[in-house]
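*Asks:* take this sequence and fold it.
(one chain, ligands or ions: 2)
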Amino acid sequence: MNHVFEFSNISAYRGGTLVFDGLDLSISIGENTVILGPNGSGKTTLLKLISREIYPVHSDDSRMLVYGRDRWNVEELRSRLGIVSHDLLKHYGAHAFGRDVILSGYYSSIDTWPHQIFRAAEIEHAEELMRQLGVDELADRPFGRMSTGQQRRFLLGRALVHRPEALLLDEPTSGLDLSASFLYLDTARKLMQQGTQLILVTHHIHEIPPEITRVIFMRKGRVVADGDKEAMLTSSNVSALFGCSVELIERNGYSQAVPGNS
Ligand SMILES: Nc1ncnc2c1ncn2[C@@H]1O[C@H](COP(=O)(O)OP(=O)(O)O)[C@@H](O)[C@H]1O
Ligand SMILES: [Mg+2]
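*Replies:* Numbers count the residues shown, from 1 in each chain. Ligands and ions are numbered 1, 2, ... in the order given. This next block holds a predicted model:
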């Protein structure tokens, strides 16, 4: 067992749409990876399959293993794999206090509830995470009165309470201004440098940190290309993926896409 997840011949629907029709895809433990693809290619659906929010079509010759297992209780899984999706942001009530957003990660719940008991060490860890994420001053502020960037940092903290081995982030910086994006990316880089594996799903080229080594192109529910970042992130490859003329500019280990000439 050396994969975070291993999908073979997976088919899955969202509503009436067949998003994956026999998908094969695996990511090894320790491999910092981005799954890059245009809107609607199935990136968020992939995350929802892993987090068991949706289930694949049952078939005898398909397999979906997460950390080598096909059965997981959701709580157990979250302590190995922290998933930060955009749905969470929508689900959170405006009234939850910052500290409670982080603490709710221990129960994988939305907000905290009176019957939940938190040990002193858990509360201390939540406080420590807020300090690390630079949001400790917002601990007593209601979620609805925070900026999007601040909300995202709290949701990241919520995923980090279990000290997961890997983090799965869905378009982490979309909707954030430059300083909030850079702060978020800097946090992601520090986590990778400390040994947390990052798996990113996105269509934003500029949010791929330098530590990412593997790039998977996804389009219309299929993996269309897969390889080392240097080979994959070229103007012609990215133009083909998005179906438009793109020129990539590389600086400081990041790439930025601008419109191409043709
Ligand atoms: N709730 C839904 N009902 C029906 N179709 C959906 C639903 N959610 C997503 N889809 C469809 O599934 C496909 C993949 O969507 P998604 O995984 O969100 O793509 P991405 O995250 O790459 O933008 C798209 O064609 C989208 O229209
Ligand atoms: Mg998506």
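*Asks:* residue 170 and residue 47 touch, don't they?
*Replies:* Yes - with contact defined as CB atoms under 8 Å, residue 170 counts as touching residue 47 (5.7 Å). For the C-beta atoms, the positions are set from N, CA and C on the backbone; glycine is no exception.
*Asks:* just the CA atoms of the helix or strand containing residue 82, as PDB, please.
*Replies:* Using DSSP states H and E, the secondary-structure element containing residue 82 is strand 81-84. As requested, C-alpha coordinates have been extracted for strand 81-84 and formatted as PDB (Å, rounded to 0.1, in the frame of the first residue of the first chain):
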ATOM      1  CA  LEU A  81      -6.600  13.100   4.700                       C
ATOM      2  CA  GLY A  82      -7.800  16.700   5.300                       C
ATOM      3  CA  ILE A  83     -10.200  17.800   2.700                       C
ATOM      4  CA  VAL A  84     -11.100  21.500   2.200                       C
END
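*Asks:* what residues do residue 170 and residue 47 have in common as contacts?
*Replies:* With contacts defined as CB atoms under 8 Å, 6 or more residues apart in numbering, the residues adjacent to both residue 170 and residue 47 are 85, 201.
*Asks:* so how far is residue 130 from the residue in the stretch 101-250 of the chain positioned nearest to ligand 2?
*Replies:* Ligand 2 sits closest to residue 170 of the stretch 101-250 of the chain, with a gap of 5.9 Å, by CB to the ion. Noted for residue 170: a distance of 22 Å to residue 130, by CB to CB, to the nearest Å.
*Asks:* same check on residue 55?
*Replies:* Here residue 55 is placed at a distance of 35 Å from residue 130 (CB to CB).
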